[in-house]
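>>> Kindly return the folded structure for what I paste below:
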Amino acid sequence: MKNKFYYYIQTLQNQITSKLEEVDGQVKFREDIWERPEGGGGRTRVIENGKVFEKGGVNISAVHGKLPDSMQKLFNVGEADFFACGLSLVIHPKNPMVPTVHANWRYFEMYDENGSIINQWFGGGQDLTPYYLFEEDATHFHQTCKTACDKHNPEFYPKYKKQCDDYFWNAHRFEARGIGGLFFDYCKASDMMTMEDWFNFVTEVGNSFLEAYVPIVEKRKELPFTEAQRTWQEIRRGRYVEFNLVHDKGTLFGLKTNGRIESILMSLPPHVQWVYDHHPEKGSEEEKLIKVLQKPVDWI
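The predicted model follows:
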């Protein structure tokens, strides 16, 4: 399973970076192959200063070795070996009318002293963070997520949509990071789903990503915007940074397992603002977004 999934994310990385390069039309992803001293490594691809994408990363990694103490406590286990692989991406467009997007699909195994698998699971999801709210874009993104889920279980979309709203909640700001999507974790074999079933589901979601995001980019990338709207985008990016550094489990996992810092922090946008006690004007498009972030919406 681990080889099969790693092959899948390698292929998916190629598909996603090729398509995003085509959409940008000006710059290519820079590739970095890296190794982790304790075992494993990855392939980082970063795009910067493009026509459409200001900064973005589409990274894959496969790491293995002894489970660090901090992760033993998290999983409530003693000494164990582990393997983890995944694809993680964050794309920050230049135009404030184009939303930021994040996605991640991952697989984890834990072994006993004989090398036998004692635990294994999938996780992942995809979510959208707009700066200006176009309801039809939110509906398109969520409908694409729902279509992928419904092929496997009609209960998956409402369940994983709620988990996404709960997970990407910036608790110290009393608002969501974005308008959500899907979030699932610890997807293990059960009477209902084998690991093969979970593989099929997770890859279905992964394969839906470009369909969920690219049409939105194409529709919004040429829209005009003002300096004030760009400032708003940078203020909202600050909230994105806050979530990633304060709450995000993936960032924490990378830091605790001696992951590659450049790859872990590639999710951070290049230009951000923190303005003291900032509030959008009443009745403005900016306030409209905030109201939706404070109370997650059912888009379907």
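>>> And the helices in the stretch 101-250 of the chain?
Using DSSP state H, counting those that start in this stretch, the helices found in the stretch 101-250 of the chain span residues 135-150, 156-167, 195-220, 227-246, 249-256.
>>> The shortest one: what's the following helix or strand?
What that stands for is helix 249-256. Remark: after helix 249-256, the chain's next helix or strand is helix 261-264, criterion DSSP states H and E.
>>> buried set for that following helix?
Burial within helix 261-264, assessed by neighbour count using 16 or more other Cβ atoms under 10 Å, is assigned to 263, 264. (Glycine included, C-beta is placed from N, CA and C.)
>>> So what touches that helix?
In this structure, residues lying in contact with helix 261-264 by Cβ atoms under 8 Å, 6 or more residues apart in numbering are 32, 34, 42, 44, 57, 59, 61, 251, 254, 255.
>>> Of those, keep whichever come out buried.
The neighbour count (16+ other Cβ under 10 Å) marks 32, 42, 44, 57, 59, 61, 251, 254 as buried among the contacts of helix 261-264.
>>> list the buried ones in whichever strand or helix holds the fifth one?
Per DSSP H and E, residue 59 falls inside strand 53-66. Residues 53-65 are the ones in strand 53-66 that count as buried (16+ other Cβ under 10 Å).
>>> Closest one to residue 148 out of these, please.
Closest to residue 148 out of those is residue 58 (19.0 Å), distances taken as Cβ to Cβ.
>>> Look up how far residue 240 lies from that closest one.
Residue 58 sits 17 Å away from residue 240 when distances are taken as Cβ to Cβ, to the nearest Å.
>>> helix or strand for residue 11, which one?
Since the elements are taken from DSSP H and E, residue 11 ends up inside helix 2-24.
>>> which secondary structure elements does that helix contact?
strand 40-48, strand 53-66, strand 81-93, strand 100-111, helix 195-220 (3 or more Cβ pairs under 8 Å, 6 or more residues apart in numbering; DSSP states H and E).
>>> unless I'm mixing things up, residue 181 is touching residue 126, no?
Yes - under the contact definition of Cβ atoms under 8 Å, residue 181 touches residue 126, with a separation of 4.8 Å.
>>> contact partners of stretch 43-56?
Residues outside stretch 43-56 that contact it (Cβ under 8 Å, 6+ apart): 10, 13, 17, 20-21, 23-34, 57-61, 89-95, 98, 217, 221, 260, 262-263, 266, 269-271.
>>> Pull the distance from that stretch to the chain's centre.
Between the centre of stretch 43-56 and the centre of its chain there are 15 Å (Cα atoms, centre = their mean, to the nearest Å).
>>> Ends of it, what's the gap?
Chord length of stretch 43-56, first to last residue, is 14 Å (Cα to Cα, to the nearest Å).
>>> Same question for stretch 37-56.
Stretch 37-56 has its terminal residues 26 Å apart, counting by Cα to Cα.
>>> Can you give me the buried ones in it?
40, 42-47, 50, 52-56.
>>> Turn those into CSV, columns for pLDDT.
Written out in CSV, the entries for the buried residues of stretch 37-56 read as follows (pLDDT from 0 to 100):
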residue, pLDDT
40, 93
42, 94
43, 96
44, 95
45, 97
46, 96
47, 97
50, 98
52, 98
53, 98
54, 98
55, 97
56, 96
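>>> now, which of those residues sits nearest residue 113?
Out of the buried residues of stretch 37-56, the one with the shortest distance to residue 113 is residue 40. That distance is 19.9 Å, counting by Cβ to Cβ.
>>> any idea how far the closest one is from residue 46?
Going from residue 40 to residue 46 by Cβ to Cβ gives 20 Å.
>>> Over to residue 266?
6 Å.
>>> Give me the common contacts of the two.
When contacts are counted by Cβ under 8 Å, 6+ apart, residue 266 and residue 46 are jointly contacted by 55, 57.
>>> ok, now which ones touch residue 146?
Taking Cβ under 8 Å, 6+ apart as the criterion, residue 146 is in contact with 157, 161, 300.
>>> was I right about the last one contacting residue 144?
No - with contact defined as Cβ under 8 Å, residue 300 does not count as touching residue 144 (10.5 Å).
>>> out of the two, which sits in the more crowded spot?
Set side by side, residue 300 and residue 144 show unequal neighbour counts under other Cβ atoms under 10 Å, the larger going to residue 144 at 21 against 13.
>>> And the pLDDT for the more buried one?
The pLDDT attached to residue 144 in the predicted structure is 98.
>>> what's the worst-scoring helix or strand of the chain on mean pLDDT in contact with?
Comparing every helix and strand of the chain by mean pLDDT, DSSP states H and E singles out helix 69-75 as the least confident one, with a mean of 76. Among residues not part of helix 69-75, those counted as contacts by Cβ under 8 Å, 6+ apart are 67, 78, 79, 80, 82, 110, 119, 253, 256, 257.
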